[in-house]
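In: the amino acid sequence is not available; the structure is as follows:
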């Protein structure tokens with residue numbers, strides 16, 4: 001059923017044409033967000049998120065610049081998007097088409113044990129969604145494009161989601177990405193609280209609050225959730241108390257929560273007070289990734305799960321224990337690149353969780369897209 005296809009890096013097929021959450025291209029030939037933002041008249045310091053139209057405006061600008069770097073005086077006319085979530089990736093794809101005026105088709109997949117199945121849908125602007133329950137249906141998707149007369153060539157931009165698509169495919173291997181993040185939160189909170197750390201209280205808080213019903217409170221932001229769990233694990237507040245405040249409407253946002261802690265910061269132990277002050281300062285600046293220690297640890301936990309197993313391990317073991325590259329995504333990306341298409345990668349993972357710090361660079365660490373790991377797909 002499963003087969004291993006050696007080792008490689010995402011950069012094998014994307015190169016450095018990729019942006020993480022801060023929208024700073026890994027390829028230094030492409031303009032940074034600050035420069036793009038000025039040209040697009042975006043507010044200074046504003047980093048749009050993936051579902052926002054301004055995000056699409058930035059990406060379209062970068063795609064056009066990347067196409068120009070490849071030469072040939074070719075303009076982009078078509079867009080193919082490969083992702084793993086109908087809502088988030090579907091919305092991002094639709095905005096890209098609306099902003100650019102390009103015709104597009106998106107392949108959205110999540111692995112299922114059911115028989116192969118495809119559903120067709122449309123975005124609000126009328127673009128096509130090809131919704132699959134198997135990643136190996138990418139081969140059928142290619143035939144679908146051909147049947148519709150959609151050529152993949154130099155006038156085509158192919159945008160590929162990184163997390164749970166190019167690596168850790170959703171429904172197949174994405175749980176290892178989740179494990180890395182949860183372990184990073186756990187280890188970071190444990191290191192801060194030391195002997196005062198209550199593992200049971202932490203896990204109860206994390207598992208309970210990491211649900212859609214609490215997104216209005218946590219803003220579906222893992223940094224915010226990690227900080228909340230840190231405070232609850234310290235014993236300063238109880239989970240029951242916070243849940244009651246949220247459900248009663250007395251606690252409606254993360255900013256309200258951290259402001260409450262700020263008022264009582266002098267009651268915090270020194271180590272916790274220092275971490276709180278650092279996080280609070282980033283929140284004040286509007287930084288959506290304020291818990292830097294957690295995100296740096298997440299980077300280590302993530303790359304520590306990439307390519308660490310021996311080559312003789314079974315494909316099933318690799319899928320269970322390692323973040324692997326999705327063989328079907330890699331294969332079609334290499335084929336389309338050979339046909340002249342522009343390939344570009346997107347990741348909504350924070351840069352701090354995706355790139356090594358300067359001291360780690362000296363030790364040989366690389367960004368996630370340049371970190372070798374195994375390739376696994378259906379045989």
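Out: Sure, I can see it. Remember, it's a predicted structure, so these values are computed and weren't measured experimentally.
In: show me where the stretch 1-150 of the chain has its helices.
Out: For the stretch 1-150 of the chain, the helices defined by DSSP state H, counting those that start in this stretch occupy 11-14, 33-40, 53-69, 88-100, 138-147.
In: can I get those helices in a markdown table with mean pLDDT?
Out: Below are the helices of the stretch 1-150 of the chain laid out as a markdown table (pLDDT from 0 to 100):
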| stretch | mean pLDDT |
| --- | --- |
| helix 11-14 | 98 |
| helix 33-40 | 96 |
| helix 53-69 | 97 |
| helix 88-100 | 97 |
| helix 138-147 | 96 |
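In: dump these to JSON lines, plus mean neighbour count.
Out: Heads up, the C-betas are built off the backbone N, CA and C, glycines and all. As requested, the helices of the stretch 1-150 of the chain are exported to JSON lines (neighbours: other C-beta atoms under 10 Å):
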{"stretch": "helix 11-14", "mean neighbour count": "21"}
{"stretch": "helix 33-40", "mean neighbour count": "15"}
{"stretch": "helix 53-69", "mean neighbour count": "19"}
{"stretch": "helix 88-100", "mean neighbour count": "22"}
{"stretch": "helix 138-147", "mean neighbour count": "15"}
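In: closest one to residue 114 among those helices?
Out: helix 138-147 (15.4 Å; C-beta to C-beta).
In: distance from the chain centre to that closest one, please.
Out: Its chain's C-alpha centre and that of helix 138-147 lie 26 Å apart, by C-alpha atoms, centre = their mean, to the nearest Å.
In: tell me the helix or strand right after it.
Out: Note on helix 138-147: by DSSP states H and E, the next helix or strand toward the C-terminus is strand 156-161.
In: where do the strands of the stretch 251-379 of the chain begin and end?
Out: Here the stretch 251-379 of the chain has its strands, by DSSP state E, counting those that start in this stretch, at 325-326, 342-346, 373-378.
In: list the contacts of stretch 148-159.
Out: 59, 63, 67, 70, 72, 74-82, 93, 96, 102-103, 105, 142, 145, 333, 336, 339-346 (C-beta atoms under 8 Å, 6 or more residues apart in numbering).
In: those, buried ones only, as a PyMOL selection?
Out: The buried residues among those can be selected in PyMOL (16 or more other C-beta atoms under 10 Å) with this line:
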select buried, resi 59+63+67+76+78+79+80+81+82+93+96+102+105+142+145+333+336+341+342+343+344+345+346
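In: so for stretch 262-273, what gets flagged as buried?
Out: In stretch 262-273, counting by 16+ other C-beta under 10 Å, buried: 268, 272.
In: can you check stretch 175-194 too?
Out: Those would be 176-177, 179-190, 192-193, for stretch 175-194 by 16+ other C-beta under 10 Å.
In: next step: these restricted to helices.
Out: Among those, DSSP state H puts 176-177, 179-190, 192-193 in helices.
In: residue 241: neighbouring residues, count only.
Out: For residue 241, the neighbour count with other C-beta atoms under 10 Å is 11.
In: distance of it from residue 210?
Out: Separation of residue 241 from residue 210 (C-beta to C-beta, to the nearest Å): 18 Å.
In: repeat for residue 227
Out: Distance from residue 227 to residue 210, by C-beta to C-beta: 13 Å.
In: likewise residue 376?
Out: 27 Å.
In: more crowded one of the two?
Out: residue 376 (24 against 18).
In: so residue 222 sits against residue 181, correct?
Out: Yes. Contact between residue 222 and residue 181 holds when scored by C-beta atoms under 8 Å: they sit 6.4 Å apart.
In: where does this structure have low pLDDT?
Out: Low-confidence segments of the chain, defined by pLDDT under 70, are absent.
In: contacts for stretch 270-287?
Out: 45, 192-194, 223, 227, 230, 234, 255, 258, 261-262, 265-266, 268, 289-293.
In: mind checking which of those land in helices?
Out: 192-193, 223, 227, 230, 255, 258, 261-262, 292-293.
In: quick one: buried ones out of those residues?
Out: 192-193, 223, 227, 230, 258, 261, 292-293.
In: quickly list what the closest residue in space to residue 342 that isn't next to it in sequence is bridged to.
Out: Spatial nearest neighbour of residue 342, chain neighbours left out: residue 157 (4.8 Å); criterion: C-beta to C-beta, 6 or more residues apart in numbering. Note on residue 157: beta-bridge partners residue 79, residue 342, judged by DSSP bridges.
In: who does residue 346 form a beta bridge with?
Out: According to DSSP bridges, beta-bridge pairing links residue 346 with residue 19, residue 161.
In: measure it to residue 93 for me?
Out: In terms of C-beta to C-beta, residue 346 sits 10 Å off from residue 93.
In: cool, and residue 295?
Out: For residue 295, the distance to residue 93 - C-beta to C-beta - is 27 Å.
In: ok, now residue 339?
Out: Applying C-beta to C-beta to residue 339 and residue 93 gives a distance of 21 Å.
In: and residue 250, how many neighbours?
Out: 9.
In: next, the contact list for it, please.
Out: Per C-beta under 8 Å, 6+ apart, neighbours of residue 250: none.
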